[in-house]
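1. Attaching a predicted model along with its sequence, questions to come.
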Amino acid sequence: MFHEMPEHARNDALREMARVLRPGGLLVITDSMQWGDRPHRDNNIGAFSGFNEPHYGSYIAFDFGAAFEAAGLVPGLKQLQSASKTLSATKPL
């Protein structure tokens, strides 16, 4: 869902997720890959914005690591699956 949201809404959502997550809790999200995840696809990934995806261009450049940290979370693992990726973060104890 993050690729459907404007950047300010992504940050708001992450802050709210961090707020309701218990200390030591794990946040896991899955969405589309971004620039740099599959470098051989970087030249074409931005074209998806033309398919009625107005926020996709800012999504592919969105820094989840920095956003997690700004929300008070500790970035964890990243796993790629085809054109998707899963990210995790934890709330400190």
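-> That came through, no problem.
2. Show me what the mean pLDDT comes to for the top helix by length along the chain.
-> Counting by DSSP state H, the longest helix found in the chain is helix 7-20. Averaging pLDDT along helix 7-20 gives 97.
3. how about the helices in the chain?
-> So, for the chain - with DSSP H - the helices run 7-20, 42-45, 56-59, 64-70.
4. Touching the second one from outside, list them.
-> Judged by CB atoms under 8 Å, 6 or more residues apart in numbering, the contacts made with helix 42-45 from elsewhere in the structure are 33, 34, 35, 36, 38, 60. Quick note: C-beta positions are derived from backbone N, CA and C, even for glycine.
5. before we move on, back to that, would you mind putting the helices of the chain into JSON lines with distance to residue 26 and mean neighbour count alongside?
-> Listed next are the helices of the chain as JSON lines, based on distance: least, CB to CB, whole Å; neighbours: other CB atoms under 10 Å:
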{"stretch": "helix 7-20", "distance to residue 26": "11", "mean neighbour count": "14"}
{"stretch": "helix 42-45", "distance to residue 26": "28", "mean neighbour count": "12"}
{"stretch": "helix 56-59", "distance to residue 26": "23", "mean neighbour count": "18"}
{"stretch": "helix 64-70", "distance to residue 26": "12", "mean neighbour count": "16"}
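6. Is it correct that residue 92 is in contact with residue 72?
-> Yes: Residue 92 lies in contact with residue 72 (CB atoms under 8 Å); the separation is 7.4 Å.
7. Looking at the two, which one has more neighbours?
-> Using other CB atoms under 10 Å as the criterion, residue 92 and residue 72 rank with residue 72 on top: 14 against 9.
8. Just the buried ones from the contacts of helix 42-45, in ChimeraX syntax?
-> Those of those that count as buried under 16 or more other CB atoms under 10 Å are selected in ChimeraX with:
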select :33,34,60
